[in-house]
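Colleague: structure here, sequence nowhere to be found:
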């Protein structure tokens, strides 16, 4: 069997048993990248030399008898807003061209310590602001299922690279759906953990009360494995949670018998494509067949979530992105004085969507508008969170579509920001409430993947994963794109 | 949205006249959409700034290793004498 068809867990097992070397695994992935990357365009930077030397090091340590753990030697990629020491980290923005962080993000360091091999940095919507990768300052990534369609975003390259078998797994970041929505569009598993579960140190800040690192994997078992490697308190991030991290891979079995699922009706109403609705209903029926009890419920403030998010996230972004001034790092523009250095650098360096959000956020925070916009949104955020916490008094999990549509054609929504924002309507409320949620493949509609979102109580990723695993084991749907689509 | 120029100044973002016009139009659309929040009476609802249980994080007040001066300056477009160099901001007396 081709090495790139193995899941991370399977490949890790073969590596442990000495059936394959890390150097062979890396070479298999570099060969695969050579075949499909020109079409998919998932990577902003690749590091084949670095990957090869990391693989040599893993093989040498194993040969010396060291116990390296389940992910050692497994090739992976990181979204290019996760800092990598001495390797470019651009956030897909011209303003960070040439920037080489002097430190690793905590998740980067943890994956290095686990012996995984970094193949490169993946494309995203600039500063993780977008839902299609079309806001990348460099180029759009393509959906491996249909190269004329978007892969979703903002963790576009990470999702596409996993789907196209260019890496065994990848990390992304999720502020309003940026891991889950591209996972849905690309037919892979995407997990956003509870806010605080994973350190944000070295994740370039977009909206600090929402940002969370997440995983993109071929299946649910891989999700548990990668999650276990990156979760846990970090002294370098005061918002990282001290809650004990369960042994996720050991908790996958057990099934869904006895679990009660809430199906919020607001997520299956107007605007949801029939093909998405049918597949989600079928997945819920499958969970019932496996022994779960499902019941319709209501999260009454759902319709306010998108507006709330598009005030809070830009407000936080406008503050976080004030640091890009052309002085400490990044590319400065031509200027006459300090103010024109700021103004020109930021105008030339930021793309249209980032500018729009900086302006919107600055406005919402400015004198005279703070109460009406920003503070109002923070109060509605409380109502949205209360909806969820009330539902979780009755239900163990909530089940919804991940996105109301399948992957849309490139260029379809670029002219209308509000249309683009609608792609996140099912994921944004979960982010505002800080809850864990996974998107997993739940069938095809018109030949394109549909994502099912399973949402859990705070810090209860384990139950989310258990239900996702049960569904995946009993499922019959395709997980990898047809080879003709990616040209292999 | 009336005050694009004022917000530009606050955000230190210089836009051309054409860009300003487009920004004014797009922000007005978005603000019209988010005005939906005014339907809700939130007078008695406390704001949620973040979802963590509020708490203080303490540690011993001791020196720990950090970035070296050289590493911190490594990405600076202009530096001089171990500092970030910026355009002159004050006139000579």
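Modeller: Nice, thanks for sending it over. This is a predicted model, so every value here is computed, not measured.

Colleague: so residue A:161 touches residue A:41, yeah?
Modeller: No - in this structure residue A:161 lies outside contact range of residue A:41 using C-beta atoms under 8 Å: 9.9 Å. Every residue, glycine included, has its C-beta placed from N, CA and C.

Colleague: give me the contact list for the lengthiest helix in chain B.
Modeller: Counting residues, the longest helix found in chain B (DSSP state H) is helix B:17-34. Applying C-beta atoms under 8 Å, 6 or more residues apart in numbering or on different chains, the contact partners of helix B:17-34 are A:306-307, A:310-311, A:355-356, A:359-360, A:363, A:373, A:377, A:417-418, B:1, B:4-5, B:8, B:15.

Colleague: does the helix or strand hosting residue A:172 reach chain B?
Modeller: In the assignment (DSSP states H and E), residue A:172 maps to strand A:169-174. No - shown here: strand A:169-174 not in contact with chain B (C-beta under 8 Å from any C-beta of the partner chain), separated by at least 14.3 Å.

Colleague: so what strands line up beside that strand?
Modeller: Using DSSP bridges, the strands paired with strand A:169-174 are strand A:75-79 (parallel), strand A:212-217 (antiparallel).

Colleague: so what's the residue nearest the centre of chain A closest to, chain neighbours aside?
Modeller: Nearest residue to the geometric centre of chain A (C-alpha atoms, centre = their mean): residue A:179, 1.9 Å. Of all residues not flanking residue A:179 in the chain, residue A:214 sits nearest, at 3.5 Å (C-beta to C-beta, 6 or more residues apart in numbering or on different chains).

Colleague: between residue A:161 and residue A:41, which one's more packed in?
Modeller: Comparing residue A:161 with residue A:41 by other C-beta atoms under 10 Å in any protein chain shown, the one with more neighbours is residue A:161, at 37 against 23.

Colleague: one step back: okay, buried residues for the longest helix of chain B please.
Modeller: B:19, B:23, B:24, B:26, B:27, B:30, B:31, B:34 (16 or more other C-beta atoms under 10 Å in any protein chain shown).

Colleague: pull the distance from it to the chain's centre.
Modeller: Here helix B:17-34 is found 20 Å from its chain centre; the criterion is C-alpha atoms, centre = their mean, to the nearest Å.

Colleague: where's residue A:310 relative to residue A:206, distance?
Modeller: Residue A:310 is 13 Å from residue A:206, where distance means C-beta to C-beta, to the nearest Å.

Colleague: do residue B:82 as well
Modeller: In terms of C-beta to C-beta, residue B:82 sits 31 Å off from residue A:206.

Colleague: same deal with residue A:173?
Modeller: 8 Å.

Colleague: list residues touching both of those two?
Modeller: A:81, A:128.

Colleague: who has more neighbours, these two?
Modeller: residue A:173 (28 against 25).

Colleague: who does the more buried one form a beta bridge with?
Modeller: Applying DSSP bridges, one finds that residue A:173 bridges with residue A:213.

Colleague: pLDDT weak spots in chain A?
Modeller: Applying pLDDT under 70 to chain A flags the ranges A:1, A:476-480, A:484, A:487-488.

Colleague: next one: the residue of it positioned farthest from its centre from residue A:342, what distance?
Modeller: Within chain A, residue A:336 marks the point farthest from the mean C-alpha position, 40.7 Å out by C-alpha atoms, centre = their mean. Taking C-beta to C-beta as the measure, residue A:336 falls 12 Å from residue A:342.

Colleague: which residues touch the spatially most central residue of chain B?
Modeller: Nearest to the geometric centre of chain B sits residue B:11, at 7.3 Å (C-alpha atoms, centre = their mean). The neighbours of residue B:11, taking C-beta under 8 Å, 6+ apart as the test, are A:318, A:346, A:358, A:359, A:362.

Colleague: make it 7 Å
Modeller: A:318, A:358, A:359, A:362 (C-beta atoms under 7 Å, 6 or more residues apart in numbering or on different chains).

Colleague: keep those residues, but drop any that are not near chain B.
Modeller: Applying C-beta under 7 Å from any C-beta of the partner chain to the contacts of residue B:11, one finds that A:318, A:358, A:359, A:362 fall near chain B.

Colleague: any idea which element the third one lies in?
Modeller: Per DSSP H and E, residue A:359 falls inside helix A:352-365.

Colleague: by how many degrees do that helix and helix B:17-34 diverge?
Modeller: For helix A:352-365 against helix B:17-34, the angle by axes from the mean of the first three to the mean of the last three C-alpha atoms, to 10 degrees is 60 degrees.

Colleague: helix or strand right after helix A:352-365?
Modeller: Downstream of helix A:352-365 (by DSSP H and E), the next one is helix A:376-394.

Colleague: after that next one comes which helix or strand?
Modeller: Later in the chain than helix A:376-394, the nearest helix or strand by DSSP H and E is strand A:397-401.

Colleague: so which strand or helix has residue A:52?
Modeller: helix A:48-63.

Colleague: residues making contact with that helix?
Modeller: A:21-23, A:26, A:30, A:68, A:72-73, A:75, A:115, A:117-119.

Colleague: restricted to strands, list the residues you listed.
Modeller: Counting by DSSP state E, the part of the contacts of helix A:48-63 found in strands is A:75, A:117, A:118, A:119.

Colleague: list the contacts for the second one?
Modeller: Yep, that's residue A:117 we're talking about. A:22, A:26, A:51, A:54, A:55, A:73, A:74, A:75, A:76.

Colleague: count the residues that sit near residue 78.
Modeller: If you meant another chain, say so; for now it's chain A. 29.

Colleague: let me rephrase: I mean chain B.
Modeller: 12.

Colleague: next, give phi and psi for the residue lying closest to it once chain neighbours are set aside.
Modeller: Of all residues beyond its chain neighbours, the one nearest residue B:78 is residue B:85 (4.0 Å), with distances taken as C-beta to C-beta, 6+ apart. The phi/psi pair for residue B:85 (degrees, to the nearest 10) reads phi -100, psi 130.

Colleague: can you check residue A:189 too?
Modeller: Per degrees, to the nearest 10, the backbone of residue A:189 is at phi -100, psi 130.

Colleague: what sits against it?
Modeller: Contacts of residue A:189 by C-beta under 7 Å, 6+ apart are A:183, A:217, A:219, A:220, A:223, A:438, A:440.

Colleague: make a markdown table from those residues and add neighbour count and secondary structure to it.
Modeller: Formatted as a markdown table, the contacts of residue A:189 follow (neighbours: other C-beta atoms under 10 Å in any protein chain shown; DSSP: H, G, I helix; E, B strand; the rest coil):
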| residue | neighbour count | secondary structure |
| --- | --- | --- |
| A:183 | 38 | helix |
| A:217 | 28 | strand |
| A:219 | 22 | coil |
| A:220 | 25 | helix |
| A:223 | 33 | helix |
| A:438 | 31 | strand |
| A:440 | 32 | strand |
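
Colleague: which of those sits closest to chain B?
Modeller: Among the contacts of residue A:189, residue A:438 lies closest to chain B (C-beta to the nearest C-beta), at 18.5 Å.

Colleague: that closest one bridge partners, please.
Modeller: According to DSSP bridges, beta-bridge pairing links residue A:438 with residue A:191, residue A:454.

Colleague: same question, residue A:203
Modeller: residue A:82.
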